[in-house]
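*Asks:* Quick one: sequence and predicted model below, then my questions.
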Number of protein chains: 2
Amino acid sequence: MEELKQPRGCIGIVGLGLIGGSLGLELQSLGWEVHGLVHKSSTAERAKERKLAQSISTNPDLLTPCKIIILALPLSKLINPEAALVEALPPNAVVTDVGSVKEPVVEVWEKLHPRFIGSHPMAGTAEAGVESGQLGLFRNKAWVSTPTEKTDAQAIDAIHDLALMLGSKWITAQAKKHDEAVALISHLPVVVSAALLRTLGDERNPEVRNLAIALASSGFEDTTRVGGGNAELGTAMAQNNTSAILRALTSYRCSLEQLEGEIVGKNWSKLKTELESAHSLRSDIVPNKDEPQKRTKSSTVDYD
Amino acid sequence: MEELKQPRGCIGIVGLGLIGGSLGLELQSLGWEVHGLVHKSSTAERAKERKLAQSISTNPDLLTPCKIIILALPLSKLINPEAALVEALPPNAVVTDVGSVKEPVVEVWEKLHPRFIGSHPMAGTAEAGVESGQLGLFRNKAWVSTPTEKTDAQAIDAIHDLALMLGSKWITAQAKKHDEAVALISHLPVVVSAALLRTLGDERNPEVRNLAIALASSGFEDTTRVGGGNAELGTAMAQNNTSAILRALTSYRCSLEQLEGEIVGKNWSKLKTELESAHSLRSDIVPNKDEPQKRTKSSTVDYD
C-alpha cells in the first residue's frame, strides 16, 4: 500500500453497476485513473455525481489510454458484445470480465481479444445499477480467474495483482469446473429455493396456504431468499450455464428422492444419519465463511 | 400490565429448555409464581442458579397447586408421556403443550386430561437446553392453538390470555391444518435444504467439489441453514408429521420438475415468469416478517 498516492496508470471499466461502480470507487482510492464507459447518458450523469470514475462517457474512445479494461457487463452483453466496444479495445490492454458463468464468455472473448482472461469476482449483493457501487465490496471475497493454455502470462499477472490489491482471495480454475462449482452452490440453490416458494403458491387448500404464509418465519425466509431473488438474473444463469445446472439438478433429485425414501420407509435412524452428515458438511463449509477475519488474505489457491 | 405486581397464581412448566426456560423467566416477570419440573437433578441445580422458576424440582408433586401447566417437552415425550407426570396433573388445571406438531399430541392428550388444549408458540432458535431460556422470546411471534370440539372454553380463554400477556400473536387452527402448514414452511425446507447439502457432498469430481466449497457464500449458506441444523429435531419432525411432509414433498417434486422442464426445453421466458412469481410470492410473505413492529400486536386470527 506504499504506492497509494502514486498514479498507477489508466484502467477502463465498461458498465458502472454494482461490480463496475464498486471497482471504480475502489480503484480510484488505490491511485488508479479510472475511465468508465456506460451505455446511457443519464447513467453517465449519475455516475459522475457519484464520482464512480474520474472520466465517464458513452463514447468507447475513452478506453484508448487504458492498460487494463474490465468488462463489468451482464452475461448477455458479454456473450454478444457490441462491435463498437470490441473495436475500441486497445490490442495491448489486458481485458477481463466479471461474469458469473465463465465457459461461454471465455469462448467468445478469446477469439475477440489477444490478452483476455476470464474473471469472476464473487461479490454480488441484492443491489444493482448505478446507485449500488460501494467501497470494500471485494475484500475477503473470492476472485476466480479462468485462464486457458492460450492466456497471456502478463494478463494473468496483471489481474492477479489487481485482485490482491482489492483484498480478494485469488483462485484459478478451469472455466468448465468453475461453472459446475457455481451451479452447485449458486445456481442450483436458486432453482431449489424457487421450487419451495412455488410449492407454497400451489397449495390448493386456502386455509393451509394462508396459515402457512402467516406462520412462515426465519427458516422459510432463509431457504427462499435466493429463489425469490432477481428473476432476470436467475434466468440468465440458467440460460448461460444450462448443462452444469441440469447436471446439478439430476444429482439433486436423486438426493431428494433418497431422503424421501427414508421418510416413506420410516427409516428414522437412516434419516438421522443423513441429516447428521448434512449438518457436519455445512459445519465444515460455513466456519470459514462466518469468520472472514480468520481467512488468509491475498492467498492463492489453484483448482486446475 | 397494571396487574404486574399482583400475584397471578401458580403456573407449572414441565421442562426448562429453550421454550420452558423462557416461559419461566417471562411469567415470573409478569407476576406469576412459576413451578418448574425437570427430569434430572443436575438440570434442577442449573435452572435454580438461572432462576428459571421460583420453585424447581424433579418431583411431579410440585405441580399440585398449579392452575395452568405447560408441557414444554420434546415431541417424543409429549406423545409417550411418563405415567408419573400424567398422574400428578391436577384435574382442574388447564394443560397445554408447546410441540411443533399438533395432531398426534392432541390425540394423546385429549384422552389424558379433561382440560387440555394444544399450543405451538413459534419461537424456536438454534439454542436448546437449560442454558438457552431468555426473556422476550415470544414477543411478536405466532402462538398457534389447536382447540377441538371437545376443548373446554375456559382452557381456551386461559391460554389465549397467557399468549397475549407474552406479547404473542394468537392464532387458532385445526391441528391437521397446522401440521400441513408447518410441513410447507418448516419441515419441507429442512428436507429440501439437506438434499442441497447432500448434492454438494455427493459431487464426485474432487476439483469441482473443493472449488464449490471454497466459493460457497451467503446464498448457499442461507439456503442450507435449516438443512444443516439439528438432525435429531429434523428426524423428530419427519417422524411425527410424516403424512403432511410426504404430501408437501410430492407437491415440491412436481414444482421442481416443472422448473427443470423449462430449463431442459430452454423456455427462458416461461422460466423467467416462474421466477418472477416466486419473487412476488416471497415479497408478499416477507415484508410482514422483516418489520415486526408493523404487525398488529395481540391480534387474533382464526384459520378454522
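*Replies:* Received, thanks.
*Asks:* which residues of the stretch 101-250 of chain A fall in strands?
*Replies:* Using DSSP state E, counting those that start in this stretch, the strands found in the stretch 101-250 of chain A span residues A:116-117, A:119-121, A:142-145, A:169-172.
*Asks:* Tabulate the ones you listed in a markdown table, adding columns for mean neighbour count and distance to chain B.
*Replies:* From N, CA and C alone the C-beta is placed, and that goes for glycine too. Output for the strands of the stretch 101-250 of chain A, formatted as a markdown table (neighbours: other C-beta atoms under 10 Å in any protein chain shown; distance: least, C-beta to the nearest C-beta, whole Å):
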| stretch | mean neighbour count | distance to chain B |
| --- | --- | --- |
| strand A:116-117 | 27 | 17 |
| strand A:119-121 | 25 | 9 |
| strand A:142-145 | 24 | 6 |
| strand A:169-172 | 21 | 6 |
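*Asks:* Tell me how chain A divides into domains.
*Replies:* A:10-173+A:295-302, A:178-265 (automatic domain parsing).
*Asks:* Now those domains in CSV, please, with extra columns for mean pLDDT.
*Replies:* Output for those, formatted as CSV (pLDDT from 0 to 100):
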stretch, mean pLDDT
domain A:10-173+A:295-302, 93
domain A:178-265, 96
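*Asks:* Buried deepest among those, which one?
*Replies:* domain A:178-265 (a mean of 22; mean count of other C-beta atoms under 10 Å in any protein chain shown).
*Asks:* Now do the helices in the stretch 151-300 of chain A.
*Replies:* A:153-165, A:175-182, A:188-202, A:206-215, A:218-224, A:231-240, A:242-264, A:268-290 (DSSP state H, counting those that start in this stretch).
*Asks:* Figure out which of those helices is closest to B:L164.
*Replies:* For the helices of the stretch 151-300 of chain A, proximity to B:L164 was assessed by C-beta to C-beta; helix A:206-215 is nearest, at 16.6 Å.
*Asks:* export that closest one as CSV, just CAs?
*Replies:* Presented in CSV, the C-alpha positions along helix A:206-215 are these (Å, rounded to 0.1, in the frame of the first residue of the first chain):
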residue,chain,number,x,y,z
PRO,A,206,-56.7,-21.9,1.1
GLU,A,207,-56.7,-22.4,4.9
VAL,A,208,-53.4,-24.3,4.9
ARG,A,209,-51.9,-21.8,2.4
ASN,A,210,-52.9,-18.8,4.4
LEU,A,211,-51.9,-20.3,7.7
ALA,A,212,-48.5,-21.3,6.2
ILE,A,213,-48.0,-17.7,5.0
ALA,A,214,-48.9,-16.4,8.4
LEU,A,215,-46.5,-18.8,10.2
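*Asks:* Would you mind getting the angle between it and helix B:188-202?
*Replies:* 70 degrees (axes from the mean of the first three to the mean of the last three C-alpha atoms, to 10 degrees).
*Asks:* Tell me if helix A:206-215 is near chain B.
*Replies:* Yes. Helix A:206-215 reaches chain B (C-beta under 8 Å from any C-beta of the partner chain) through A:E207, A:V208, A:N210, A:L211, A:A212, A:I213, A:A214, A:L215.
*Asks:* what's the distance between the third one and B:S283?
*Replies:* From A:N210 across to B:S283, the span is 17 Å (C-beta to C-beta, to the nearest Å).
*Asks:* just to revisit the earlier point, mind putting the domains of chain A in JSON lines, distance to B:A155 included?
*Replies:* Output for the domains of chain A, formatted as JSON lines (distance: least, C-beta to C-beta, whole Å):
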{"stretch": "domain A:10-173+A:295-302", "distance to B:A155": "46"}
{"stretch": "domain A:178-265", "distance to B:A155": "21"}
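*Asks:* quick one: which of the ones you listed is nearest B:V192?
*Replies:* Proximity to B:V192 (C-beta to C-beta) singles out domain A:178-265 among those, at 5.5 Å.
*Asks:* Figure out the length between the terminal residues of stretch A:225-241.
*Replies:* End-to-end span of stretch A:225-241 (C-alpha to C-alpha, to the nearest Å): 21 Å.
*Asks:* my guess is A:I171 meets A:T146, correct?
*Replies:* No. Look at A:I171 against A:T146 with C-beta atoms under 8 Å: they stay out of range, at 9.6 Å.
*Asks:* Mind checking the domains of chain A for the one nearest to B:G15?
*Replies:* domain A:178-265 (21.9 Å).
*Asks:* For A:E103, which residues are in contact?
*Replies:* A:E103 makes contact with A:A175, A:K176, A:H178, A:D179, A:N241, according to C-beta atoms under 8 Å, 6 or more residues apart in numbering or on different chains.
*Asks:* Nearest to chain B among those residues?
*Replies:* Proximity of these to chain B was ranked by C-beta to the nearest C-beta; the top entry is A:H178 with 6.8 Å.
*Asks:* Double-check the closest one against A:V144; I have them as touching.
*Replies:* Yes. Contact status for A:H178 versus A:V144: in contact at 5.6 Å, counting by C-beta under 8 Å.
*Asks:* any common contacting residues for these two?
*Replies:* A:K102, A:H120.
*Asks:* near chain B, which residues of the stretch 1-150 of chain A?
*Replies:* So far as C-beta under 8 Å from any C-beta goes, the stretch 1-150 of chain A lies against chain B at A:M122, A:K141, A:A142, A:V144.
*Asks:* residues contacting the last one?
*Replies:* The contact partners of A:V144, taken as C-beta under 8 Å, 6+ apart, are A:K102, A:S119, A:H120, A:P121, A:M122, A:I171, A:T172, A:A173, A:H178, B:L215.
*Asks:* same check, this time on the first one
*Replies:* For A:M122, the contact set (C-beta under 8 Å, 6+ apart) comprises A:K141, A:A142, A:W143, A:V144, B:L215, B:S217.
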